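Peer 1: Next come a sequence and a model predicted from it.
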Amino acid sequence: MEIESSLRHELITRQRRHRAPSVSIALIRDGEVVWSDAAGHPTGRRDSPTATPQTPYRIGSITKTFVAVAVLQLVRDGAVALDDPITDHLPELDESVRGVTVGSLLNHSSGLHAETQGPWWERSDGLTWKQLLPSVRRAHRPGARFHYSNVGYAVAGELVARQRKSCWFDAVRNGILDPLELTRTTYERPDDAAPGWAVHPHADLLHDEPTHDSRAMAPAGQLWSTVGDLAAWARFLARGDERVLPDDLRLDMHVPGVVDDTPGGRWSRAYGLGLDVFNIDGRRFIGHGGSMPGYLAALRIDPVTGDGFAVQANTTGNFDLDLGYDLLKRFDELSPRDDKPWTATGSIESLNITGTWFWGPREHVATLHGGVLELRPVRVGRGSRFAMRDGVWVGLEDYYAGERLQMHVEDGAQYLDLGSFRFTRTPYDPDADLPGGAHPDGWH
């Protein structure tokens with residue numbers, strides 16, 4: 001009760017401070033919801049029902065994460081490749097867009113303009129695909145920089161629709177929502193959804209916000225959901241489900257492909273394939289934010305620990321979605337993780353690959369814990385973690401991501417082959433298969 005009362009007190013404090021009509025939140029630990037609550041009244045009026053964690057809100061650009069997975073399902077099925085020019089699949093696009101690839105649409109490096117020409121699309125009746133075509137135009141050279149593009153995701157949604165020969169949302173529902181049982185995530189506004197409000201900055205007054213069907217722009221921000229469904233979606237993004245997407249493609253989503261660079265500051269946000277990657281004091285979270293007139297949402301999860309949050313509010317702005325980080329930290333303080341004690345689960349064979357190795361004269365140490373091999377420099381140099389895949393150690397990060405590490409034993413001499421680099425048990429071991437050979441005088 002102490003934990004729940006403390007978290008609820010902070011939730012209500014933030015709801016009052018930012019004057020959001022209602023806020024709903026779920027905290028996630030190890031991929032499971034450990035606490036959820038809501039504060040305020042969806043109507044913004046005291047004499048009306050209060051919000052609950054089951055209250056649906058519009059999730060805005062979190063919609064893009066579903067569209068990205070739908071595109072990657074096309075990659076899985078061999079229908080498209082991430083390196084394909086989008087004009088190969090949508091030939092009606094202008095020739096100037098030919099340099100835009102399918103993958104660049106997903107990580108916002110396509111160079112396409114952020115928004116549509118004409119009226120503010122989020123507050124206007126939706127366009128047809130034909131009406132949208134003049135807005136599919138370049139602002140930057142493809143691949144040159146991060147440039148967030150709602151139009152780019154409209155194009156990605158049309159790609160899904162064209163390949164699946166159905167509405168993009170039908171593909172999302174059949175391939176994602178149904179297998180994961182995300183029953184409260186919908187295209188249309190649910191009857192029990194929180195209304196969208198703008199709150200006057202200088203007075204306690206509300207203004208109705210429109211909730212149009214975005215049509216061709218819908219893949220950029222149409223969907224509705226609850227914090228419970230978003231938490232389940234976060235669990236999939238962090239832990240996976242082969243019924244929806246192979247792990248190799250899902251993990252590719254986590255890789256920071258393009259950095260959102262703010263001049264003068266350290267980067268705290270990058271973008272993978274359909275996912276934001278947040279650098280919070282060195283800890284990585286994946287997820288996405290969302291906003292549409294009258295609504296704000298955020299989804300964050302640490303893919304290593306499975307800890308995160310989903311938060312939604314029915315206000316156009318002025319609400320700090322980082323509330324989720326603060327409540328997650330408070331939960332950790334009040335309820336420390338009950339980790340299992342260490343036990344000896346290794347095998348004697350692990351000693352063959354662990355220990356000291358040298359790349360030339362540079363000393364490295366290999367350790368093997370919990371099935372993960374780490375090769376780290378003692379002083380300076382490159383290192384990585386490796387996981388066993390199909391009998392071969394494969395790099396998980398940094399310079400060696402995707403590179404293969406194999407151990408060889410020849411005439412009693414051991415060496416590691418890591419992407420053609422040779423690591424030996426002693427510096428430049430003359431008995432190892434060393435390209436270029438060892439100097440005949442050895443160390444002198």
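Peer 2: Here it is on my side, so go on.

Peer 1: Give me the secondary structure label for Arg16.
Peer 2: helix (DSSP: H, G, I helix; E, B strand; the rest coil).

Peer 1: Could you report the pLDDT at the residue lying closest to Ser335 once chain neighbours are set aside?
Peer 2: Nearest non-adjacent residue to Ser335, counting by C-beta to C-beta, 6 or more residues apart in numbering: Ile3, 5.7 Å away. (Glycine included, C-beta is placed from N, CA and C.) On the pLDDT scale, Ile3 is placed at 93.

Peer 1: Let me see the contact set for Ile3.
Peer 2: Trp35, Phe331, Leu334, Ser335 (C-beta atoms under 8 Å, 6 or more residues apart in numbering).

Peer 1: export those to JSON lines and tack on secondary structure, neighbour count and distance to Met407?
Peer 2: What follows is the contacts of Ile3, written out as JSON lines (DSSP: H, G, I helix; E, B strand; the rest coil; neighbours: other C-beta atoms under 10 Å; distance: C-beta to C-beta, whole Å):
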{"residue": "Trp35", "secondary structure": "strand", "neighbour count": "20", "distance to Met407": "46"}
{"residue": "Phe331", "secondary structure": "helix", "neighbour count": "21", "distance to Met407": "43"}
{"residue": "Leu334", "secondary structure": "helix", "neighbour count": "12", "distance to Met407": "46"}
{"residue": "Ser335", "secondary structure": "coil", "neighbour count": "14", "distance to Met407": "42"}
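
Peer 1: farthest pair in those residues?
Peer 2: Greatest spatial distance among those (C-beta to C-beta): Trp35 and Leu334, at 10.1 Å.

Peer 1: if we can go back for a sec, quick one: what helix or strand has the residue nearest to Ser335 in it?
Peer 2: helix 2-18 (DSSP states H and E).

Peer 1: Just want the angle from the strand or helix carrying Ser36 to helix 2-18.
Peer 2: Using DSSP H and E, Ser36 sits in strand 32-40. Using axes from the mean of the first three to the mean of the last three C-alpha atoms, to 10 degrees, the inter-axis angle of strand 32-40 relative to helix 2-18 is 40 degrees.

Peer 1: Please identify the buried residues of strand 32-40?
Peer 2: Judged by neighbour count (16 or more other C-beta atoms under 10 Å), strand 32-40 contains these buried residues: Val33, Trp35, Ser36, Asp37, Ala38, Ala39, Gly40.

Peer 1: any idea how far the second one is from Leu237?
Peer 2: Separation of Trp35 from Leu237 (C-beta to C-beta, to the nearest Å) stands at 20 Å.

Peer 1: ok so, going back, let me have the contacts of Ile3 in CSV, extended by pLDDT and distance to Gly287.
Peer 2: Below are the contacts of Ile3 laid out as CSV (pLDDT from 0 to 100; distance: C-beta to C-beta, whole Å):
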residue, pLDDT, distance to Gly287
Trp35, 98, 18
Phe331, 96, 17
Leu334, 92, 23
Ser335, 92, 22
